[in-house]
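In: Next come a sequence and a model predicted from it.
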Amino acid sequence: MTDKPKIALYWCASCGGCEEATVDLAEKILDLTSLVDIIFWPVALDFKVDDVEKLPDGSITVSLINGGVRVTEHEEMVKLLRKKSKLIVAYGACSAWGGVPGLANLYSREELVSRVYREVPSLDNPAKVIPQVSVILDGAQLKLPEILPRLIPIDQAIDVDYYIPGCPPTPEVTWKAIEILLSGKLPPKGSVIGASEKSLCDECPLNETKPEKILIQDLKRPHQVIPDPEKCLLTQSILCLGPATRGGCSALCVKARMPCTGCFGPLDLVSDYGAKAASFIASIVDFQDQESIDQVIDKLPDPVGTFYRYTLASSSLGGKLIGVKR
Amino acid sequence: MSNEFEPKIVLFACNWCTYAALDLAGTSRMKYPPNFRVIKVMCSGRIDPQFIVEAFKQGADGVLVAGCHLGDCHYIEGNYKTMRRVTLLKRMLDTLGIERERLRLEWISASEANKFVEVAKEMVEQIKAFGPLAPRIQVSA
């Protein structure tokens, strides 16, 4: 081991896309390894939890954690990494706000387990086996982590220093954030790093075509329309969340003719992304009578899933699981 | 002291119409339930849905948003925006496990102290029937 800064990467409840995004640094990953020692990365390297436990407290310079906390193992691991690290960075939407898996907070743990192991049509589980925390098999005790009552962003389990947004963060954002972390010139604790401080529209190539005031009389979802690639998607009544969303991704989705779904999350000073996004969409609906307003809003089959797609677990109302405290 | 549930209701009242109606109700010595915590805003259009979800998060059992009648807005169209925002937010509340009736939108002009008293009584009764909004998940950060 050298005296280079030590970096750990870990994943909790995530899809693996954030790991993929890290690998997407491509040749830059070689630059990274020349600057730092990666001392723990379960997806790519063969270090074990044991190796982390043996490290002195605070000896990891930065731990980048992706995914939310869904099972007890995630909770134990993020607590361990907190103890061993100087800085903890929530990497990606799931880690920062719960992400798409956070939408499961609209259901109880019991409903979810029953749905997954008993009800889904593609199920092949004739004995209706449900995973147990502990089973005795051939005289040996086997253990599994316990599923927590709800998914939480990692900052509800441990103290988090910085956030890198995105589903997943782009390689550019990741690299920019790593440069900030290694520069020694750290922004105030709790900052979002690597991304923009302005909304997505500010960097969107279609921003020039945006009129002074956008008004819509219809709401279309991406599969219902072939968009004009030269015109602001909102002016084409396509539900684009760019105005409410932090920039930094260089408008990748819009460049591919898809509207922004909000994966870079809220801007600074926004306390509840979903409420803010819903507010802006409602305000540009160009009708003044209840019936027409209802007709436009009816075009949104799942407003909570649309506006809280990445942030439900960190939102003010937190999902449907009322009164569950951890 | 009775142990009956007394709901806490946050009332966002616009400066030009509803707040004046509340004043009128007071100076006319009308009786209305004491369950409302009034927050004066310049226009009902100032009420960001974030304020409403924050009120529920902090323990409000109901939220009443009240402003000038449609067409009477001091700022011409602020209340139309409010109407659209509340319409959308109510649908989201259903999915989030909060009865949509816990959020109510009313147009109450400066002279309609009577209407305010009626709305207040009705809303308190309705929320008493629902019972307290169960505490939301504690978000410790």
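Out: Thanks, I have it. Numbering: from 1, shown residues only, chains lettered A, B, ... in the order given.
In: and the nearest residue to residue A:180 once chain neighbours are set aside, how many neighbours does it have?
Out: Once flanking residues are discounted, residue A:180 sits nearest to residue A:193: 5.1 Å by Cβ to Cβ, 6 or more residues apart in numbering or on different chains. Glycine gets a C-beta too; all of them are placed from N, C-alpha and C. When neighbours are defined as other Cβ atoms under 10 Å in any protein chain shown, residue A:193 has 20 of them.
In: Could you list the residues of chain A in contact with chain B?
Out: Near chain B, the residues belonging to chain A are A:106, A:150, A:155-156, A:270-272, A:274-276, A:278-279, A:281-283, A:285, A:287-288, A:290, A:293-294, A:297, A:300, A:302-304, A:307, A:314-325 when assessed by Cβ under 8 Å from any Cβ of the partner chain.
In: Give me the buried subset of the residues you listed.
Out: Among the residues of chain A next to chain B, those scoring as buried are A:106, A:150, A:155-156, A:270-272, A:274-276, A:278-279, A:281-283, A:285, A:287, A:293, A:297, A:300, A:303-304, A:307, A:314-321, A:324 (criterion: 16 or more other Cβ atoms under 10 Å in any protein chain shown).
In: which ones among those residues are found in helices?
Out: Using DSSP state H, the members of those that fall within helices are A:274-276, A:278-279, A:281-283, A:293, A:297, A:303-304, A:307.
In: residues contacting residue A:170?
Out: Taking Cβ atoms under 8 Å, 6 or more residues apart in numbering or on different chains, we find residue A:170 in contact with A:21, A:24, A:248, A:249, A:250, A:252.
In: Pick out the most distant pair among these.
Out: A:24 and A:248 (15.4 Å; Cβ to Cβ).
In: burial measure for residue A:256, as a count.
Out: Neighbour number of residue A:256 under other Cβ under 10 Å is 8.
In: Relative to residue A:100, how far out is it?
Out: Distance from residue A:256 to residue A:100, counting by Cβ to Cβ, to the nearest Å: 19 Å.
In: and the residue nearest to the spatial centre of chain A, backbone torsions?
Out: Residue closest to the mean C-alpha point of chain A, counted by Cα atoms, centre = their mean, is residue A:93 at 1.5 Å. Main-chain torsions, residue A:93, degrees, to the nearest 10: phi -60, psi -40.
In: Touching, it and residue A:173? I think so.
Out: No. Using Cβ atoms under 8 Å, residue A:93 makes no contact with residue A:173, being 11.9 Å away.
In: what's the overlap in contacts for those two?
Out: With Cβ under 8 Å, 6+ apart, residue A:93 and residue A:173 have common neighbours A:165, A:166.
In: Strands along chain B, start to end?
Out: B:9-14, B:36-41, B:62-67, B:103-107 (DSSP state E).
In: Which elements pack onto the third one?
Out: Helices and strands touching strand B:62-67, by 3 or more Cβ pairs under 8 Å, 6 or more residues apart in numbering or on different chains; DSSP states H and E, are strand B:9-14, helix B:49-57, helix B:78-95, strand B:103-107, helix B:113-130.
In: contacting residues around residue 31?
Out: The chain I'm using is chain A. Neighbours of residue A:31 in contact, by Cβ under 8 Å, 6+ apart: none.
In: try chain B instead
Out: residue B:117.
In: From start to finish, how long is stretch B:97-110 in a straight line?
Out: 34 Å (Cα to Cα, to the nearest Å).
In: can that stretch be found next to chain A?
Out: Yes. Using Cβ under 8 Å from any Cβ, we find that stretch B:97-110 touches chain A at B:97, B:98.
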